[in-house]
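# Predicted structure and sequence below. I'll ask about it afterward.
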Amino acid sequence: NAGVTQTPKFQVLKTGQSMTLQCAQDMNHNSMYWYRQDPGMGLRLIYYSASEGTTDKGEVPNGYNVSRLNKREFSLRLESAAPSQTSVYFCASSQRDGDSPLHFGNGTRLTVT
Amino acid sequence: GQQVMQIPQYQHVQEGEDFTTYCNSSTTLSNIQWYKQRPGGHPVFLIQLVKSGEVKKQKRLTFQFGEAKKNSSLHITATQTTDVGTYFCAGRSGNTPLVFGKGTRLSVIA
């Protein structure tokens, strides 16, 4: 049982490049989330998908897009990376949005130069 | 929008001392969750509190939810080096997504 799997683990981009962060969960969870974590800022929600077929903006959505490909997979895309997007990105899933425990992936450390 | 404030930001304790982190919300919460993140790791769920005045214990950890459901605390008795990490609270108000506090980083000096 892998839980939540994120790829890649590390990535270095140049300003203006694009990339997609992949996330998959095998717990049959309905809700999935993308967070970013910056020093001293805690975890900030970028986008979330309360259920398959829906996506909503979180606290810091600018510069990102998401796709809930199916119940298992939720990807995060940076169309034109900026240095301000240097961060650690965590994908998470939960059985129900808001009142179920979040299960986090191991994170992607992204550096934009 | 909803804000969740967590204090202190850092806490350094001698092994065996107690530790408490506090979480305060600007709005009434429907529930609050606590997570622990070890250095270099990912957040791991510890517990969820739902009821006003609720107190839950996990071995040396005691979690409380305030009567007004606007604040919560996590208390660790007799800290050990294995307690090192950052502790986050996360609260939900109405149908909004969970909002995380900025966390309290705990260092334990052996």
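The structure has been received and is ready for your questions.
# Distance check, A:Thr55 against chain B.
Going from A:Thr55 to chain B by C-beta to the nearest C-beta, to the nearest Å gives 12 Å. In short, each C-beta sits where N, CA and C put it, glycine included.
# same thing with A:Leu13?
A:Leu13 sits 22 Å away from chain B, going by C-beta to the nearest C-beta.
# For the nearest residue to that residue once chain neighbours are set aside, give me its contacts.
Excluding its sequence neighbours, the residue lying closest to A:Leu13 (C-beta to C-beta, 6 or more residues apart in numbering or on different chains) is A:Ala81, at 4.5 Å. Counting by C-beta atoms under 8 Å, 6 or more residues apart in numbering or on different chains, A:Ala81 touches A:13-19, A:110, A:112.
# Then B:Gly53?
Going by C-beta under 8 Å, 6+ apart, B:Gly53 touches B:64-67.
# Under a three-state scheme, what state does the residue positioned nearest the centre of chain A occupy?
Nearest to the mean C-alpha position of chain A, by C-alpha atoms, centre = their mean, lies A:Trp34 at 2.8 Å. Per DSSP: H, G, I helix; E, B strand; the rest coil, the local secondary structure of A:Trp34 is strand.
# Quick check: it touching A:Ile46?
Yes - between A:Trp34 and A:Ile46 there is a contact at 4.4 Å, judged by C-beta atoms under 8 Å.
# Which neighbours do the two have in common?
Common neighbours of A:Trp34 and A:Ile46 (criterion: C-beta under 8 Å, 6+ apart): A:58, A:64, A:66, A:76, A:89.
# Not counting sequence-adjacent ones, nearest residue to the third one?
In other words, A:Val66. Per C-beta to C-beta, 6+ apart, closest to A:Val66 is A:Tyr47, 4.2 Å.
# Does that neighbour have any beta-bridge partners, and if so which?
When bridges are taken as DSSP bridges, the partners of A:Tyr47 come out as A:Trp34, A:Lys57.
# In contact with B:Ile32: list those residues for me.
By C-beta under 8 Å, 6+ apart, the residues touching B:Ile32 are B:23, B:25, B:48-49, B:65, B:72, B:89-92.
# Ranking by neighbours, what's the top pick from the residues you listed?
The residue in the contacts of B:Ile32 with the most neighbours, by other C-beta atoms under 10 Å in any protein chain shown, is B:Cys89 (32 neighbours).
# could you list every residue that touches that one?
Residues near B:Cys89 by C-beta under 8 Å, 6+ apart: B:4, B:6, B:21, B:23, B:32-35, B:72, B:74, B:100-101.
# Just to be sure, which of those residues are found in helices?
Of the contacts of B:Cys89, none are assigned to helices by DSSP state H.
# Just the closest of those to chain A, please.
Chain A has its nearest neighbour among the contacts of B:Cys89 in B:Phe100, at 4.3 Å by C-beta to the nearest C-beta.
# Output the set of residues of chain A in proximity to chain B.
Taking C-beta under 8 Å from any C-beta of the partner chain as the contact definition, chain A meets chain B at A:33, A:35, A:40-45, A:48, A:56, A:58-59, A:90, A:97-99, A:101-107.
# Kindly recompute the last result at 6 Å.
With C-beta under 6 Å from any C-beta of the partner chain as the criterion, chain A meets chain B at residues A:42-43, A:45, A:48, A:98-99, A:101, A:104, A:106-107.
# Filter those residues down to the buried ones.
Buried by 16 or more other C-beta atoms under 10 Å in any protein chain shown: A:42-43, A:45, A:48, A:98, A:101, A:104, A:106-107, out of the residues of chain A next to chain B.
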